[in-house]
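Asker: below are the sequence and a predicted model; questions follow.
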Amino acid sequence: MSEVEMSVEKHVFEADVARLLHLMVHSVYSDKNIFLRELISNAADACEKLRYEAIVAPELLANDPAPRITLTLDEDKARLIVEDNGIGMSRDELVESLGTIARSGTRAFMERIEAAQGKEGAQLIGQFGVGFYSAFMVADNVDVVSRRAGSDKAWHWASDGKGSYTVSAVELADAPARGTRITLHLMDDAKSYTSRWTVERIVKEQSGHVPVPISIVEKPGEEPAQVADGTALWTKQKSEISKEDYADFYRSVAGQYDEPAATVHFRAEGRHEYTALAFVPGSKPFDLFDPDRKGRMKLYVKRVFITDEAELLPRYLRFVRGLIDTADLPLNVSREMIQESPLLASIRKGLTNRVLTSIEKLAESEPETFAKVWENFGSVIKEGIYEDFERRAQLIALSRFRTTASDENPRALNDYVKDMKDGQTAIYYLTGDNLAQLKASPQLEGFRARGIEVLLLTDPVDSFWVTSAPDFEGKPFKSITQGAADLAGIAKQASDDATSTEASQAVAEFVAFAKATLGDVVSDVRTSERLTESAVCLVAPEHGPDRQLEKMLQGAGRIDGAAKPILEINPGHSLITAIAACPAEDDAFREDAVRLLLDQARVLDGDKPEDPRAFAERLSRVFSRALKS
Ligand code: ADP
Ligand code: MG
């Protein structure tokens, strides 16, 4: 053993890695092939990173400028070797990259993977970007030997995936001249990965379009045979690209395993020239709701990968995956230069248009695919209604909503407006946490009675865009839990229980009594047009946030006290007329009744009685009285 091999450092995997590895080894995944895609994707990334660093330091390429990935099969020793001549890893990079998980949200991911089974579990692994560790699905030992471009040291990382790994220096002669060699010691049931036929098929299927050529060496010592040429798919003519080619490429660029719902491929010519290849995914990417709301579109300059941090699309289209390739930027472009470049603005505009148009086309020609896209990404697209003023009208028209008339299949506002009642001037909506609760809201009753459709909005983002004062074809949006209901002018649908909403003298007096009793707990007490079955409900004053938005803002600590709500009373309700008929001397009872009605309205809103103890005492008094009489 040489001197350098003597010092072997032993490291323990970070807890999350150990847990992940345990999952990989002990779960039965039906689709283990993905490990190869993950290793090839890392190798290709390494080649692209080198290509990028070599722009300012061409000497890094030395006498071996062409990137390549080589898969060497060794049936006798049951080994598969994946080697690249990319950037390579230093000792610290090995420890950092192959001993920890840099991503946030690892814990949540692990829980999902534990819950998922079979194929989906394997897919999640790739999606989350813990790809390297998937090698342990097929190998019981993994050796990584790497030499960073420009370094005169090489390092050996080794692990059996059981909690620890070692790192040691190796002789340069035992390492690639540049890049990384990963040797998988295959498990007994994974020996088929030494079969040329199997490996070639998997590579073509999963990685046929990575932008680095891939070769297979069938036996150690034999000549490599190229199985993928590394031609960038996006530079080909559309007519030369099959649907399958697009789908394969989508999977490798997006880290998804499904089919794209929409593909956008075009070349912009004129003042700014670029090629775009972008996909609307068929399912939700893993990081869709990460708080940083970052997109993943990649920027290439003359086929050299530059960054995936340039904001090539607005945030509300962050689910779109793909790339832009342009010759109009210098290769050594800095991040600031990219952000300030007029080209970027032009790309954002052009690409946004094309993506939105392609989604609109889906709505027309493939309603089922569109429905899925909306289900997956609707709540993200709606962010654009208040973020992208210029496209507000377009985005509202594209949006679909569940309504009281159609609570399963979301409807377009176009259809809503066509079905508006005579005398209806606004688009009515109700926001809340879930559909069942919304459908049970007392505030809906008067609208139902008149056959007026109400949008049932359950996404958190709804409360925000809908109050940013948009309209649709001149019709404003109006919360049914806010302000006056304006329903008097719209005819009720024929019904024989035509209870009068006209308040009797007694009810009017009772309302005045309630107002005096509640004082400034509420901002008003009044009779209601919006109730038919329930006795009471709460609404928000005409101006300011509606009830739901107010709760959200309070929850987020964005406002202190809530605005005082208005208590609305159903003048035709038998309970109300009965209480109103109580003799005026019975003040103590009437006060209990008023306060109980207010708490009832709170409960209907999903809240608690303000003072649970006082509530319970009142309820007991009223019960006892009812039992006595
Ligand atoms: P991801 O590719 O999403 O970052 P992986 O688990 O696949 O996650 O890889 C972890 C990291 O290990 C990579 O980000 C990279 O820094 C490093 N790495 C893996 N394979 C290679 C390789 N062949 N060459 C250079 N670096 C690599
Ligand atoms: Mg990877």
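Answerer: Perfect, I can see it now. Residues are numbered from 1 along each chain as shown. Ligands and ions are numbered 1, 2, ... in the order given.
Asker: show me where the stretch 351-500 of the chain has helices.
Answerer: With DSSP state H, counting those that start in this stretch as the criterion, the stretch 351-500 of the chain has helices at 367-381, 383-387, 392-398, 413-418, 435-439, 445-449, 462-466.
Asker: and of those helices, who's closest to ligand 2?
Answerer: Each of the helices of the stretch 351-500 of the chain has some distance to ligand 2 by C-beta to the ion; the shortest is helix 367-381, at 23.7 Å. Where C-beta positions appear, they are placed from N, C-alpha and C, glycine not excepted.
Asker: tell me the residues of the chain that contact ligand 2?
Answerer: Contact residues, the chain versus ligand 2 (C-beta under 5 Å from the ion): 42, 131.
Asker: now the chain against ligand 2: closest residue?
Answerer: For the chain, C-beta to the ion, closest residue to ligand 2: Gly131, 3.4 Å.
Asker: so that residue sits against Ser41, correct?
Answerer: Yes: the criterion here is C-beta atoms under 8 Å, and Gly131 meets it with Ser41 at 6.4 Å.
Asker: point out where this protein drops to low pLDDT.
Answerer: Within the chain, the stretches with pLDDT under 70 are 1-6, 27-30, 103-105, 117-123, 125-130, 494-503, 560-562, 629.
Asker: which residues touch the most centrally placed residue in the chain?
Answerer: Centroid-nearest residue in the chain: Leu288, 2.4 Å away (criterion: C-alpha atoms, centre = their mean). Contacts for Leu288 (C-beta atoms under 8 Å, 6 or more residues apart in numbering) come out as 318-319, 377, 380.
Asker: wait, a strand at it?
Answerer: No: membership of Leu288 in a strand is not supported by DSSP: H, G, I helix; E, B strand; the rest coil, which gives coil.
Asker: contact partners of stretch 308-316?
Answerer: Residues contacting stretch 308-316 (C-beta under 8 Å, 6+ apart): 293-299, 320, 324, 335, 338-339, 344, 347-348, 351-352, 355, 380-384, 387-388, 395.
Asker: apologies, that question was intended for stretch 581-588.
Answerer: Under the criterion C-beta under 8 Å, 6+ apart, residues 506, 589-590, 593 lie in contact with stretch 581-588.
Asker: which stretches of the stretch 301-450 of the chain form strands?
Answerer: 304-307, 321-326, 400-403, 406-412, 427-431 (DSSP state E, counting those that start in this stretch).
Asker: quick one: contacts for the residue of the chain closest to ligand 2?
Answerer: Here Gly131 is in contact with 37-39, 41-42, 125 (C-beta under 8 Å, 6+ apart).
Asker: one more time with 10 Å, if that's ok
Answerer: Taking C-beta atoms under 10 Å, 6 or more residues apart in numbering, we find Gly131 in contact with 34-35, 37-42, 45, 125, 255.
Asker: before we move on, back to that, filter the contacts of stretch 308-316 to the buried ones?
Answerer: The neighbour count (16 or more other C-beta atoms under 10 Å) marks 295-299, 320, 324, 338, 344, 347-348, 351-352, 355, 380-384, 387-388, 395 as buried among the contacts of stretch 308-316.
Asker: buried members of the contacts of Leu288 into ChimeraX, please.
Answerer: What follows is the ChimeraX syntax for the buried subset of the contacts of Leu288, where burial is set by 16+ other C-beta under 10 Å:
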select :318,319,377,380
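Asker: just flag the most distant two among the contacts of Leu288.
Answerer: Comparing all pairs in the contacts of Leu288 by C-beta to C-beta, the longest separation belongs to Arg318 and Phe377, at 9.3 Å.
Asker: show me the common contact partners of the two, please.
Answerer: Counting by C-beta under 10 Å, 6+ apart, the contacts common to Arg318 and Phe377 are 285, 288.
Asker: what's the closest non-adjacent residue to Glu200?
Answerer: Val227 (5.2 Å; C-beta to C-beta, 6 or more residues apart in numbering).
Asker: report the buried residues of the one helix or strand that neighbour maps to.
Answerer: Using DSSP states H and E, the element containing Val227 is strand 225-228. Using 16+ other C-beta under 10 Å as the test for burial, strand 225-228 gives 227-228.
Asker: how many residues are close by Lys302?
Answerer: Lys302 has 12 neighbours, counted by other C-beta atoms under 10 Å.
Asker: my bad, Glu591
Answerer: Other residues close to Glu591 by other C-beta under 10 Å number 16.
Asker: swap in Glu390?
Answerer: 10.
Asker: ok, back up a step: just the buried residues of the contacts of Gly131.
Answerer: Buried among those by 16+ other C-beta under 10 Å: 34-35, 37-42, 45, 125, 255.
Asker: a markdown table for those, including secondary structure?
Answerer: As requested, these are exported to a markdown table (three-state DSSP):
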| residue | secondary structure |
| --- | --- |
| Ile34 | helix |
| Phe35 | helix |
| Arg37 | helix |
| Glu38 | helix |
| Leu39 | helix |
| Ile40 | helix |
| Ser41 | helix |
| Asn42 | helix |
| Asp45 | helix |
| Ile125 | helix |
| Gly255 | coil |
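Asker: keep these, but drop any that are not near ligand 1.
Answerer: 38, 42 (C-beta under 6 Å from any ligand atom).
Asker: of the buried ones among the contacts of Gly131, closest to Ile81?
Answerer: Out of the buried ones among the contacts of Gly131, the member with the shortest distance to Ile81 (by C-beta to C-beta) is Leu39, at 10.2 Å.
Asker: ramachandran angles for the spatially closest residue to the closest one that is not a sequence neighbour?
Answerer: Excluding the flanking residues, the one nearest Leu39 by C-beta to C-beta, 6+ apart is Val82, at 4.6 Å. Note on Val82: backbone dihedrals following degrees, to the nearest 10 are phi -110, psi 120.
Asker: beta partners of Val82?
Answerer: Leu71, Ile182 (DSSP bridges).
Asker: contact partners for it?
Answerer: 35-36, 38-40, 42-43, 69-72, 135, 144, 180-184, 214.
Asker: quick revisit: can you pick out the most distant pair from the contacts of stretch 581-588?
Answerer: Spatial extent of these (C-beta to C-beta) is set by the pair Ala506 and Phe589 at 15.2 Å.
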